[in-house]
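J.: Make a model of this:
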Amino acid sequence: MTPAPDRSQANIVRVLPRVLSVAGLLCVCLLVSRSLDTLTHSAPFPIFLAGIMAAGWYGGFWPALALTVLATLSLDVLFIRPHGSLAVSNPGEAVLLGTFCVVGMLISVAAGTLREARLRAEQLQRLTGALSRAATPADIAEVVGRHAQTLLGAPVTALWVSQGEGSADTVRHVPASPQESPLPDVLTSLARQALRSGAPVWPQRERPGSPRGLSLPLRSSGPVLGALALLLPDSARPGARQRRLALALGDACAVALERALLHEQLQHDRRLLDSVLEQAPVGVIVAEARSSRILLYNNASERILGHPAIPSADVSHFARYGGYHADGSPVAAEEYPTARALLRGEQVRNELMRYRRGDGQHTLLEISAAPVRAPDGTITAAVCVFADVAERQQAEQRLRESEERYRQLFEAAPQIIWMNRPDGSDTHFNSLWYELTGQTREQASTYGWLKAIHPEDLPRLRAQREEGIRRESAYTVEFRVKTARGGDRWLLGRVVPLRGSSGVLEGWLGAAIDIHERKRAEAVQRFLAEASAALSRSLDERETIEQATRLVVPELADWCVVDLNTPGGLERVAVFHPDPSVAAHVEAIRQERPRPGSPSPVLEVFRTGQARLVARFDDAAYQASVSSEEHLAAVRALGPRSLLVVPLVARERVLGTITLLRGPAREPYTEEDLALAQDFSQRCGLALDNAHLLTELQRSLRTRDDFLSSVAHDLRNPLTIITLRADLLRTEVARGRIVPERLSSVATRILSATEEMNSMIDSLVDLVRSEMGQPPTLRRTEVDVGALARGVVMDQRQFAQHHHVHLHTPETPVFASLDEIRVRRIVRNLLLNAVKYTPEGGNIDVRVERREEGGTGWAVLEVQDRGIGIPARDLPHLFERFFRGENVVGRIPGTGLGLFGARQIAEQHGGRIEVRSVEGQGSVFSVWLPQKSPSS
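T.: Model (predicted):
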């Protein structure tokens, strides 16, 4: 707190000079006016105005106002008539006198304001100058106390300095002198309030006559540095001018306080730096740039070098130090790191130098040096830091030798070995890891090695690793790593803690052996066992194919395709993809089949029976193997990148192929995958062949039963006819009413039935002979095919009484060399089938005509019905032995031998039999027979 001097004495000292100056100026104006009055005989208004201006400039408002009043009275009494009286005789002079008074007052106000501003500026300048010389907060408190009374009339001031981010609880009061009186509580309260709010605290309305105080936070360019509190004795609140002066005082004090605090901090840092340099274990030398003079040389420098600082006035004097090269030659002056930093601005880091100490001993120094630059970039000094590293180098050499031996053992180990820190970080592997994974040391550092772990094994490995680290105990883990050549390898790792002599965990040591072959053998055996069990349960071809596709995906492939050999060629029977969202693309691929003549690996494998591995299946291969743009778009959508094509073989026959495909998310196929796929395909082929044999067996048994039933039924019909006709003939003979024509008709019927039975027996005989590899012997004659057809139609009308059979023959007979009995059997079978499969009332057309084809004349016989027709998928198998269409099995009896025998007879004649049919609309069977026998 800084008290102000006695106020009454100060007022007297301040007012007395002003009174004397006013009196003096009035006397001067009167004397000058009297002298001029004798010459001009007019009122000397300008002289008195000049006096008022002088009074205002030097005395301020009140002296100028007092001189204005005195000058007005003097002008009225002495210079305006009547003289000696205050009365004015002339109105013009009265106006002139009033104008003078008003102008004088305005000059007083302006001059007073200017003087006040000039005085305040001078006071603030003196305050700023005094604060600039204040070096400590105490000096600032003393300066502020002296100038606050002059500026604001504050009798008491107090300064607080913040000791931590401007908090009110971490400030200290700075006394202006040791004998300072205790502070009023109001100032302490105001200071804390300003520190908390960070804004000035102005006096509020209180009781009249009570002391007023204000507080200003001191902030320069950063946080609040402190607070300045002033006690104002006046009862009135400070006006705008006082507020501005107070803020100016606070700003000047804040700038000075910031500078003083920085100076204190600088002194503290300098003392700390000196203490650090003296206690530092390394030598520190600072040399000046211009003269190379040593500015700083700490105790450690003398202890390390064995001698005190060597005086120098030039860089060349550095040669007196004891540095030397490995060959024993001394280090030149300009080669010393300090000289290089001074001369070339070079920064030297951890440079080794041999040194001969002052006591004659030799040591090794590790030196760093750097230039010190001014803001304009010029070098002003150089700092050199050095340490004696002879013992450390020897220890490091021994450590390097030990580490080299350990590294050789580490690298020579036949297993993957690694070490890391107690928290599992900073892992180091031996070279086997980098050879296996293809990672570099930089890629595997920190936790980069985790990227080589298989994603499916990573969560389990992390969990076991974290549990082991948490418990600080050994653990074992099996995991797969992605190899540099593609694919995965199984490893079995064992990790144990490394503890020091005190039992504290210092790190981890791990070793891993390759168990890939064992794991793969286990997986292969498990997969093949499951596949064999699943395939053995499949007794149907479709079920076997479905089981095979579901077993192989996703174990060996992302998706697969199955193609089987059929009478119509290689047919795509299944495409399996587990993602239902690509069903449209899967269906597009299923609808396609390998294009004959294309470089399709499927065709190649089917042709050669040798499996094929395509490690890289790209877009060019797509385009070469597809058969349409839709097919290409579907393959591109599924995006295979690697494939295996393996044959399905059973009993040395290639039944088809199975194609395994992988996308870019999985590793390309390897030779190991190929071997596994071949083993699997053999099991699939065996299961497929077994299912096929079982299906054929079941079909043969059903056909046998149907055949025996049909033969029994078909033989019963002619036998019934023979029995009935013979009984009728016997009855008529017994009655004696036999008629030759009647006898001839009955005999014809009996012969026809006998012929039909013979035909059926011949069919059986032909079947047996064909099974034995003996073709039938044809008895060719020139036969009118139209007459043959007409005879068959006439013979079969009794079986077609509920159908309309129409015969169409040309006017010119169509002859052909053929076995009439066997061709008649063809026509009869076709006609009986048309009647059998055509609803009652339906039309059946039999046509005979002659056609030319390939330069050969053909007798063509067609049988057309409007019956149930044949399904399109059954047409390729229609002429196979015992085959019957799906839409008639179990509904209409038959043997499945009629069309088989018809085809055989037609082919034996050098002809053929064709069929056109639409299910639900009927069928047309065409028998082509050459008019001349092939032998002729």
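J.: C-alpha from now on. contacts and neighbour counts both.
T.: Will do.
J.: tell me what the helix or strand containing residue 406 is packed against?
T.: Element membership for residue 406, per DSSP states H and E: helix 390-412. On a contact count with 3 or more C-alpha pairs under 8 Å, 6 or more residues apart in numbering; DSSP states H and E, helix 390-412 meets strand 362-373.
J.: can you give me the angle the strand it packs on makes with helix 390-412?
T.: Between strand 362-373 and helix 390-412, the angle comes out at 100 degrees (axes from the mean of the first three to the mean of the last three C-alpha atoms, to 10 degrees).
J.: Using CSV, write out every CA atom in the next helix or strand after strand 362-373.
T.: Where DSSP H and E defines the elements, the next helix or strand beyond strand 362-373 is strand 379-388. C-alpha atoms of strand 379-388 as CSV (Å, rounded to 0.1, in the frame of the first residue of the first chain):
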residue,chain,number,x,y,z
ILE,A,379,26.8,-17.5,-36.7
THR,A,380,27.5,-15.9,-33.3
ALA,A,381,28.9,-18.9,-31.3
ALA,A,382,29.3,-22.6,-31.3
VAL,A,383,28.3,-25.2,-28.6
CYS,A,384,30.3,-28.3,-28.2
VAL,A,385,29.2,-31.2,-25.9
PHE,A,386,31.4,-34.3,-25.4
ALA,A,387,31.6,-37.3,-23.1
ASP,A,388,34.3,-39.9,-22.3
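J.: give me the low-pLDDT residue ranges for the stretch 801-936 of the chain?
T.: For the stretch 801-936 of the chain, the stretches flagged by pLDDT under 70 are 882, 886, 889-897, 933-936.
J.: hmm, try it at 50
T.: Scanning the stretch 801-936 of the chain with the threshold set as pLDDT under 50 gives 936.
J.: Pull up the gap between residue 651 and residue 348, please.
T.: Distance, residue 651 to residue 348, using C-alpha to C-alpha, to the nearest Å: 83 Å.
J.: what about these two, which has more around it?
T.: More crowded of residue 651 and residue 348, by other C-alpha atoms under 10 Å: residue 348, with 18 against 9.
J.: tell me the SS of residue 833?
T.: Assigned with DSSP: H, G, I helix; E, B strand; the rest coil, residue 833 falls in the helix class.
J.: what's near enough to touch residue 411?
T.: By C-alpha atoms under 8 Å, 6 or more residues apart in numbering, the contact list for residue 411 reads 430-432.
J.: Just confirm residue 570 contacts residue 562, I think it does.
T.: No: using C-alpha atoms under 8 Å, residue 570 makes no contact with residue 562, being 10.1 Å away.
J.: quick one: common contacting residues for those two?
T.: residue 656.
J.: When these two are compared, which one has more neighbours?
T.: Between residue 570 and residue 562, counted using other C-alpha under 10 Å, residue 562 has the larger neighbour count: 24 against 20.
J.: mind listing what residue 454 touches?
T.: 479-482, 488.
J.: For residue 663, see how far away it is.
T.: 17 Å.
J.: ok, for residue 788, nearest residue in space, not its chain neighbours?
T.: residue 824 (6.8 Å; C-alpha to C-alpha, 6 or more residues apart in numbering).
J.: tell me the helices in the stretch 101-250 of the chain, going along the chain?
T.: 137-152, 185-197, 240-279 (DSSP state H, counting those that start in this stretch).
J.: Of all the ones you listed, which one comes closest to residue 379?
T.: Minimum separation from residue 379 across the helices of the stretch 101-250 of the chain (C-alpha to C-alpha) falls at helix 240-279, 21.7 Å.
J.: any idea which helix or strand comes after the closest one?
T.: Going down the chain from helix 240-279, the next helix or strand is strand 283-288, by DSSP H and E.
J.: The helix or strand that that following strand is followed by pairs with which strands, and in what direction?
T.: Using DSSP H and E, the helix or strand that follows strand 283-288 in sequence is strand 294-297. The pairing partners recorded for strand 294-297 under DSSP bridges are strand 283-288 (antiparallel).
J.: any idea of the angle the partner strand forms with helix 240-279?
T.: 120 degrees.
J.: then strand 283-288 to PDB, C-alphas only?
T.: C-alpha atoms of strand 283-288 as PDB (Å, rounded to 0.1, in the frame of the first residue of the first chain):
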ATOM      1  CA  GLY A 283      31.600 -31.500 -21.000                       C
ATOM      2  CA  VAL A 284      30.200 -28.300 -22.500                       C
ATOM      3  CA  ILE A 285      32.300 -25.700 -24.200                       C
ATOM      4  CA  VAL A 286      30.900 -22.500 -25.800                       C
ATOM      5  CA  ALA A 287      33.200 -20.600 -28.200                       C
ATOM      6  CA  GLU A 288      32.500 -17.100 -29.600                       C
END
